[in-house]
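Visitor: Quick one: sequence and predicted model below, then my questions.
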Amino acid sequence: QVQLVESGGGLVQAGGSLRLSCAASGRASSNYTMGWFRQAPGTERELVARISWSATSTYYSDSVKGRFTISRDVAKNTVYLQMNSLKPEDTAVYYCAARKYYAILTPRDVDYWGQGTQVTVSS
């Protein structure tokens, strides 16, 4: 069992920055691929970024590429999502996700979810 706890969401003006954190605890959580999804009202949950368990491979959706950076601190079992140049369309609930060993492509791939943290970007 792996527990994921997110923090760092909030309200920010367009063009601003936020950093989300996801602290993982439980059995061998360092062996998990980690990802961030987001879901705005009335939309499907979409993958924003993911990082391999070894931190050697990352993926970003086209909508955030060049603005968001995912990273992980293996010693702290924590994954971060640095979000820069935020836009109103980035407003959503952001969810941390974990899958043992394999890449995360869709929500159905996820083994564990965090509770979600709200990010609101005002124009």
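Guide: That came through, no problem.
Visitor: Please, which helix or strand holds the spatially most central residue of the chain?
Guide: Here the mean C-alpha position of the chain is nearest to the C-alpha of W36 (Cα atoms, centre = their mean), at a distance of 2.2 Å. For W36, the host element (DSSP states H and E) is strand 32-39.
Visitor: and that strand, what's its mean pLDDT?
Guide: Per-residue pLDDT values over strand 32-39 give a mean of 96.
Visitor: Tell me the strands beside it, with direction?
Guide: Each strand pairing with strand 32-39, determined using DSSP bridges, is listed with its direction: strand 46-51 (antiparallel), strand 92-100 (antiparallel).
Visitor: Save those as JSON lines, and put in mean neighbour count too.
Guide: No exception for glycine: its C-beta is placed from N, CA and C like everyone else's. What follows is these, written out as JSON lines (neighbours: other Cβ atoms under 10 Å):
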{"stretch": "strand 46-51", "mean neighbour count": "22"}
{"stretch": "strand 92-100", "mean neighbour count": "22"}
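Visitor: Kindly reformat these as a markdown table containing mean pLDDT and distance to F68.
Guide: Putting the strands paired with strand 32-39 into a markdown table (pLDDT from 0 to 100; distance: least, Cβ to Cβ, whole Å) gives the following:
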| stretch | mean pLDDT | distance to F68 |
| --- | --- | --- |
| strand 46-51 | 97 | 6 |
| strand 92-100 | 96 | 10 |
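Visitor: Switch the ones you listed over to JSON lines; also include distance to Q1.
Guide: As requested, these are arranged in JSON lines below (distance: least, Cβ to Cβ, whole Å):
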{"stretch": "strand 46-51", "distance to Q1": "21"}
{"stretch": "strand 92-100", "distance to Q1": "11"}
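Visitor: Which residue ranges of this protein form strands?
Guide: Using DSSP state E, the strands of the chain run over 2-7, 10-13, 18-26, 32-39, 46-51, 58-60, 68-73, 78-83, 92-100, 112-113, 117-122.
Visitor: Contacts only, for S52.
Guide: Taking Cβ atoms under 8 Å, 6 or more residues apart in numbering, we find S52 in contact with T33, T58, A103.
Visitor: any idea how far it is from D90?
Guide: Distance, S52 to D90, by Cβ to Cβ, to the nearest Å: 24 Å.
Visitor: Thank you kindly, that will do.
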